[in-house]
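Student: Build the 3D model from these lines:
(chains A and B)
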Amino acid sequence: MEEVPHDCPGVSSAQAGRGASCQGCPNQGICASGAGAAPDPAIEEIKERMKTVKHKILVLSGKGGVGKSTFSAHLAHGLAEDENTQVALLDIDICGPSIPKIMGLEGEQVHQSGSGWSPVFLEDNLGVMSVGFLLSSPDDAVIWRGPKKNGMIKQFLRDVDWGEVDYLIVDTPPGTSDEHLSAVQYLAAAHIDGAVIITTPQEVSLQDVRKEISFCHKVKLPIIGVVENMSSFTCPKCQESQIFPPTTGGAEVMCQDLKVPLLGKVPLDPRIGKSCDKGESFFAEVPDSPATLAYRSIIQRIQESCSLRQPKGENLVGS
Amino acid sequence: MEAAAEPGNLAGVRHIILVLSGKGGVGKSTISTELALALRHAGKKVGILDVDLCGPSIPRMLRVQGKAVHQCDSGWVPVFVDQEQSISLMSVGFLLEKPDEAVVWRGPKKNALIKQFVSDVAWGQLDYLVVDTPPGTSDEHMAVVDALRPYSPLGALVVTTPQAVSVGDVRRELTFCKKVGLRVIGVVENMSGFVCPHCAECTNIFSRGGGEELARHAGVPFLGSVPLDPELTRSLEEGRDFIQGFPESPAFPALSCIAQKILNEAPVGLC
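Tutor: So this is what the prediction gives:
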């Protein structure tokens, strides 16, 4: 399964199993039989599983290192502050699973039950799943090609028993590749509320984030809005500096140009990184920071957006 | 596409350096670009191969976004960044019809393009080829390491930021290097402190010390800490040569030092 010919036409293409490059591929028989073109049964299974999940939010960015996992974790913390709100946080960054550390759950293990895999619970109303929990050592590398990563994501969506959940937050790796396509395709029948897209102010980030927005349009994934992270830095001794200068107008101008909502801007605060490293909620550590206030306002806007979206039955997000 | 590597296209390349990180956004493209600029200032001919297909950052960092790639008999001609042709660049960024177009490819298609980038770009004579990668330990990394193996790369520069969340991912990248037999030239700690331009107070925005500790834990050299420098960020935004333009800026000494270590490690000609 690992050695797919490098000019593989794709398992669901008309040429699957029939192209010149298919000769000698171990999957040629399967593809030629048309099995690849049939819908994956997992999609229906995932739809069933997701019936108990009210709202599903993907946290995306074209760019790495802008704060997706930090944001996902704090969105989860913020929503779970109301003990009547059930929150689930799913980390589908297979190569760089940061969520266990940020949530203070490193070293925890996943257990099986009759109804599937049990997420790791930080609080009664906050459950977490990540490939990080399946690795035995912090040095273990997950060196997987696309198909194997996709299989893991399918299992996460199909086999984790989240129970009754108000919000499922899916943290993703940077890019527009296997993980993103798989998440959207496997959730195709289950209605995703939308994507929250994270950026930093500088053009180097925005140019990747525009691609991510383009990806969302391509796969018909609604965009709840954009968050500009690391917006400015206030030196503890004196005044504000722009460490990541918005040379092309930052997220504000990009959002105006592309007509997507700007949910808010979060300033740089060294205590955020420290909280993440310690696996603690920044909201609990520094409740009065401008960054905390910014986060809370953004979380509220996300909740409002979700409450406006009615699940549409068969009118679905997907490929 | 022909899978066997054309010995011709990389035959003139003296040293190949990969820039890796398990973590996104730590400054791989920044370090790749600044290393290339510093090596150029030391009189070397440098190529940059950008195999980040989803987020190709380097064309803009060198102010050549939007340029076209031409064909010649031996394959694709890389884009020259300057008139003297001392830095050349290949990136998927040049192959997109529109800059905001997303490359939404699964692994096999990415692998195919990366193989082409390695074998079908007519680099000519280069002292150094710097290969910038996306974050992770997946298709792109396996493809580029496999494709470059016959050319015995010098090794990998592994970039991290100081905080534990980065180091946590970069440890896995070091394991990847070991598993695929790629030598680690050393670890670079980027975004290592911010010196306020108004009052010189140093704030460790992304914590401190993680990179050095990681290098020690993994038994690989620590090449240095590069501080956060708004002048550096701005130069990259605007495609300006930071090494030439801002020798007084806080990031300059660290970047020059890293380049010097590469020059010492893998000299070319009389140094």
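Student: Only C-alpha atoms from now on, for both contacts and neighbour counts.
Tutor: Fine.
Student: Show me where the chain has its helices.
Tutor: You didn't pick a chain, so chain A it is. Counting by DSSP state H, chain A has helices at residues A:28-32, A:41-49, A:68-80, A:99-102, A:146-159, A:178-186, A:203-218, A:250-258, A:270-278, A:282-285, A:290-308.
Student: I was thinking of chain B, sorry if that wasn't clear
Tutor: Ranges of helices in chain B, per DSSP H, are B:7-11, B:28-41, B:58-61, B:107-119, B:139-148, B:164-179, B:210-218, B:230-238, B:242-245, B:252-265.
Student: Other residues contacting the fifth one?
Tutor: Yep, that's helix B:139-148 we're talking about. A:144-146, B:5, B:51-52, B:107-108, B:110-111, B:114-115, B:118-119, B:133-134, B:180, B:182 (C-alpha atoms under 8 Å, 6 or more residues apart in numbering or on different chains).
Student: hang on, isn't residue A:290 packed against residue A:265?
Tutor: No. At 10.1 Å, residue A:290 does not count as touching residue A:265 under the criterion of C-alpha atoms under 8 Å.
Student: which residue packs closest to residue B:207, ignoring adjacent ones?
Tutor: residue B:163 (5.1 Å; C-alpha to C-alpha, 6 or more residues apart in numbering or on different chains).
Student: Looks like that neighbour contacts residue B:210 (just checking).
Tutor: Yes. Applying C-alpha under 8 Å as the test, residue B:163 and residue B:210 come out as touching, 5.7 Å apart.
Student: Would you mind measuring the gap between the ends of stretch A:59-67?
Tutor: Start-to-end span of stretch A:59-67 (C-alpha to C-alpha, to the nearest Å) is 10 Å.
Student: who's in contact with it?
Tutor: In contact with stretch A:59-67 (C-alpha under 8 Å, 6+ apart) are residues A:68, A:72, A:169-176, A:195-200, A:205, A:208-212, A:229-230, B:23-26, B:54-55, B:135.
Student: Could you pull up the mean pLDDT of it?
Tutor: Across stretch A:59-67, pLDDT averages out at 93.
Student: any idea how far the residue nearest to residue B:207 is from residue B:66?
Tutor: Separation of residue B:163 from residue B:66 (C-alpha to C-alpha): 35 Å.
Student: Which one's more surrounded, the two?
Tutor: residue B:163 (23 against 15; other C-alpha atoms under 10 Å in any protein chain shown).
Student: so who does that one touch?
Tutor: Residue B:163 sits in contact with A:273-274, A:277, B:206-210, where contact means C-alpha under 8 Å, 6+ apart.
Student: can you do 7 Å?
Tutor: Shown here is residue B:163, whose contacts under the criterion C-alpha atoms under 7 Å, 6 or more residues apart in numbering or on different chains are A:277, B:206-208, B:210.
Student: Where neighbours are concerned, which of those residues has the most?
Tutor: Within the contacts of residue B:163, most neighbours by other C-alpha under 10 Å means residue B:206, with 27 neighbours.
Student: Please list all residues in contact with that residue.
Tutor: Applying C-alpha under 7 Å, 6+ apart to residue B:206 gives the contacts A:270, A:273, B:162-163.
Student: Tell me the pLDDT of it.
Tutor: We have a pLDDT of 87 for residue B:206.
Student: out of residue A:290 and residue A:265, which sits in the more crowded spot?
Tutor: residue A:265 (24 against 14).
Student: Without its sequence neighbours, what residue ends up closest to the more buried one?
Tutor: Spatial nearest neighbour of residue A:265, excluding adjacent residues (C-alpha to C-alpha, 6+ apart): residue A:228 at 4.6 Å.
Student: My read is that residue A:165 contacts residue A:52, right?
Tutor: Yes. If you go by C-alpha atoms under 7 Å, residue A:165 and residue A:52 touch, sitting 6.1 Å apart.
Student: tell me which of the contacts of residue B:206 is nearest to residue B:219?
Tutor: residue B:162 (17.2 Å; C-alpha to C-alpha).
Student: Please name the residues that touch the closest one.
Tutor: Neighbour list for residue B:162: B:189, B:192, B:206-211 [criterion: C-alpha under 7 Å, 6+ apart].
Student: Which residues are in contact with the closest residue to it other than its chain neighbours?
Tutor: Of all residues not flanking residue B:162 in the chain, residue B:210 sits nearest, at 4.3 Å (C-alpha to C-alpha, 6+ apart). Shown in contact with residue B:210 (C-alpha under 7 Å, 6+ apart): B:162-164, B:167.
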